[in-house]
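Undergrad: kindly generate the corresponding structure for this input.
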Amino acid sequence: MKKKKSKLGLVITDGVGFRNFILSDFLDYANQTFDEVVILSCLPKSIYKTHTNLRVIELHVFEETFKTWFFRKAKEIAHLKLNKEGNFGILDNLKANHSKLKTTRGYATRFIYKLTTLFHSEVTIQQFQKLQDFTFRHHSITKAYSSILENEQFSLLFFTHQRPPYIAPLVYAAKKKHIKTAAFIFSWDNLASKGRMASNFDYYLVWSDLMKQDLLRFYKSVKEATIKVVGTPQFVPYVMDVYKMQASEFFKDFDLNPKLKTICFSCGDISTSKNDALYIETIANAIKAGAIEPVNLIVRTSPAEDPIRFKAIVEKFPFITWHFPKWTQVRPNHQEAWSQRIPTVDDVKQLRALLEYSDLNINMLSTMSLDFMMFDKPVINPVFGNKDNGLYDDQRFLGYEHIQHLVNSKATRVVKNEAALIKAISECLSGNGGTENRKAFINQQVGMPLKATNKQLVNSLFSWV
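TA: Numbers count the residues shown, from 1 in each chain. Next up, the predicted model:
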């Protein structure tokens, strides 16, 4: 009997997925293992030409109807209410999701909050999922996706992000065609504080044993046998020679003084990191006043936003070097425009060089803490704002479960005022202690050596075919 052909459908949902799975060595292992790999892209087809010869199918953009939105929102709020006890991050997201708008969706959101006060069990959540799926039945996008799946006959559909709402009709179409689905849990904070996944999947790939336990805790319908720990390709480019930059090239590219130590401040986006300008200004003033030894100060802004909010600081402190990520907006008219930004190869190289050759990183509790720890660099997390001092309250994030793991690990230094920040900077620049704490935290969060990650990831996918 002829063996059935193994065919992987790789669903790239956004720019970060493009970086993680197209710009890493994932495709090398996937092509060696599967008989055929086809990319199903939520990004424009044209962006892949210089990176792979694989066939790319560009998916039509799905826009939610009101009915779809309503049942998705009900599912997400019910999930948050089911898991809110003792979880500050979920309580904070419940508060953030509430609406006072006098619009159809505003009124509907308030109704959903009342409805889910009574109905938020796992059984109810699954009912909301079925009702959401029901809204896809006759949608033109679903018909288009079903036609693709019928023609391609995939063995497995692999979703590189579990949360975007626009992937839900594709998951639904796959279920109807009895095609197995697998999802990669996108980020370290996605399970313990965020809303529900876009849909139910057959299999799950997670970063670590810790994330596996979180998945089982927050998603009672998921069975342990359907989960595999694979690490994350997010950091794999940092061990790939193709992205290596020599120190001399780094200092030349960024016009830095190679005789000075380098501080890199990495920004979050304005939705959660509103105090970044304050932190940058605090550091810059300390350098001007001589409270910190002479250093190179480089600021990398968030690739998810336009850096216009820093215009005044750029003008005020000309000695700061600014690194605006080389990410391209490939589709502006999209319900989640940030998802349509993709990184260039140059940006991956420059980011890796920043991580490798900076002496200290400062950020407001972002994932960049992990990136710098991959190179054993000390990290300071400033959180000056609280509910009483008039600043944006970023100290509340210390109550989020994934941040509590970070704080408890002592892998970074959390500082709550200007004096503590300046003191921590001076101490970190004078001696790089804390290596063991950083290694332990990385081992907790990322359960696979970087060079083995994509091989393990692909082998796990193949085992489900």
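Undergrad: next structured bit after the strand or helix carrying A30?
TA: Secondary structure assigned from DSSP states H and E places A30 in helix 26-33. Moving toward the C-terminus from helix 26-33, the next helix or strand (DSSP H and E) is strand 36-41.
Undergrad: so what strands line up beside that following strand?
TA: Sheet pairing for strand 36-41, assigned by DSSP bridges, gives strand 7-12 (parallel), strand 56-58 (parallel).
Undergrad: what's the closest of those to K130?
TA: With Cβ to Cβ as the measure, strand 7-12 is the member of those nearest K130 (22.0 Å). Any C-beta I mention is one placed from the backbone N, CA and C, and that applies to glycine too.
Undergrad: sorry, back to before: and among the strands paired with strand 36-41, the most buried is which?
TA: Mean neighbours per residue, mean count of other Cβ atoms under 10 Å, is largest over those for strand 7-12, with a mean of 24.
Undergrad: and the helix holding A30, how far out from the chain middle?
TA: For helix 26-33, the distance from its own C-alpha centre to the chain's C-alpha centre is 23 Å (Cα atoms, centre = their mean, to the nearest Å).
Undergrad: what is that helix packed up against?
TA: Under the contact criterion of 3 or more Cβ pairs under 8 Å, 6 or more residues apart in numbering; DSSP states H and E, helix 26-33 touches strand 36-41, helix 450-463.
Undergrad: switch to 10 Å and redo it
TA: For helix 26-33, the elements it packs on are strand 7-12, helix 15-21, strand 36-41, helix 450-463, judged by 3 or more Cβ pairs under 10 Å, 6 or more residues apart in numbering; DSSP states H and E.
Undergrad: how about low-confidence regions in the stretch 351-465 of the chain?
TA: Within the stretch 351-465 of the chain, the segments meeting pLDDT under 70 span 432.
Undergrad: out of the strands paired with strand 36-41, which gets nearest to R110?
TA: strand 7-12 (33.9 Å).
Undergrad: now do that closest one and helix 450-463, the angle between them.
TA: Strand 7-12 and helix 450-463 are oriented at 130 degrees to each other (axes from the mean of the first three to the mean of the last three Cα atoms, to 10 degrees).
Undergrad: strand partners (parallel or antiparallel) of the helix or strand where F265 lies?
TA: Element membership for F265 (DSSP H and E) is strand 261-266. Paired neighbours of strand 261-266 in the sheet (DSSP bridges): strand 295-300 (parallel), strand 360-362 (parallel).
Undergrad: flag every buried residue along the longest one.
TA: Taking 16 or more other Cβ atoms under 10 Å as the neighbour-count basis, strand 295-300 is seen to contain the buried residues V295, N296, L297, I298, V299, R300.
Undergrad: how about stretch 137-148?
TA: In stretch 137-148, counting by 16+ other Cβ under 10 Å, buried: H139, I141, T142, A144, Y145, S146, I148.
Undergrad: kindly report the same for stretch 57-77.
TA: Buried residues in stretch 57-77, counting neighbours by 16+ other Cβ under 10 Å, are found at 59, 62, 64, 68-77.
Undergrad: returning to that earlier point: which of the strands paired with strand 36-41 sits closest to A286?
TA: Comparison of the strands paired with strand 36-41 against A286 by Cβ to Cβ identifies strand 7-12 as nearest, at 42.4 Å.
Undergrad: just the C-alphas of the closest one, formatted as PDB.
TA: Output in PDB follows, covering the C-alpha atoms of strand 7-12 (Å, rounded to 0.1, in the frame of the first residue of the first chain):
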ATOM      1  CA  LYS A   7       2.000  17.800   3.500                       C
ATOM      2  CA  LEU A   8       2.300  20.700   5.900                       C
ATOM      3  CA  GLY A   9       0.200  23.800   5.600                       C
ATOM      4  CA  LEU A  10       2.200  26.600   7.400                       C
ATOM      5  CA  VAL A  11      -0.100  29.400   8.400                       C
ATOM      6  CA  ILE A  12       1.900  32.700   8.800                       C
END
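Undergrad: tell me the angle of it relative to helix 26-33?
TA: Relative orientation of strand 7-12 versus helix 26-33 (the same axes, to 10 degrees): 170 degrees.
Undergrad: and strand 7-12, what's its mean pLDDT?
TA: Averaging pLDDT along strand 7-12 gives 98.
Undergrad: gap between it and the chain center?
TA: Distance, centroid of strand 7-12 to centroid of chain: 20 Å (Cα atoms, centre = their mean).
Undergrad: same deal with stretch 318-334?
TA: Using Cα atoms, centre = their mean, the mean C-alpha position of stretch 318-334 is found 17 Å from that of the whole chain.
Undergrad: what's the span of it from first residue to last?
TA: Taking Cα to Cα, to the nearest Å, the first and last residues of stretch 318-334 lie 36 Å apart.
Undergrad: heads up, I number from 24, so please use that
TA: Taking 24 as the first residue, the last one we looked at is stretch 341-357.
Undergrad: any idea of the mean pLDDT in stretch 287-305?
TA: 95.
Undergrad: hang on, isn't T367 packed against K349?
TA: Yes - at 4.4 Å, T367 counts as touching K349 under the criterion of Cβ atoms under 10 Å.
Undergrad: anything in contact with each of these two?
TA: Residues touching both T367 and K349 (Cβ atoms under 10 Å, 6 or more residues apart in numbering) are Q373.
Undergrad: could you pull out the helices for the stretch 324-473 of the chain?
TA: Ranges of helices in the stretch 324-473 of the chain, per DSSP state H, counting those that start in this stretch, are 334-339, 368-380, 391-396, 424-432, 441-453, 458-468, 473-486.
Undergrad: to F182, which of those lies closest?
TA: That would be, of the helices of the stretch 324-473 of the chain and by Cβ to Cβ, helix 473-486, which comes in at 11.2 Å.
Undergrad: now the angle between helix 458-468 and that closest one, please.
TA: If you take the same axes, to 10 degrees, helix 473-486 sits at 10 degrees to helix 458-468.
Undergrad: if anything else comes up later, I'll come back, but that's it for now.
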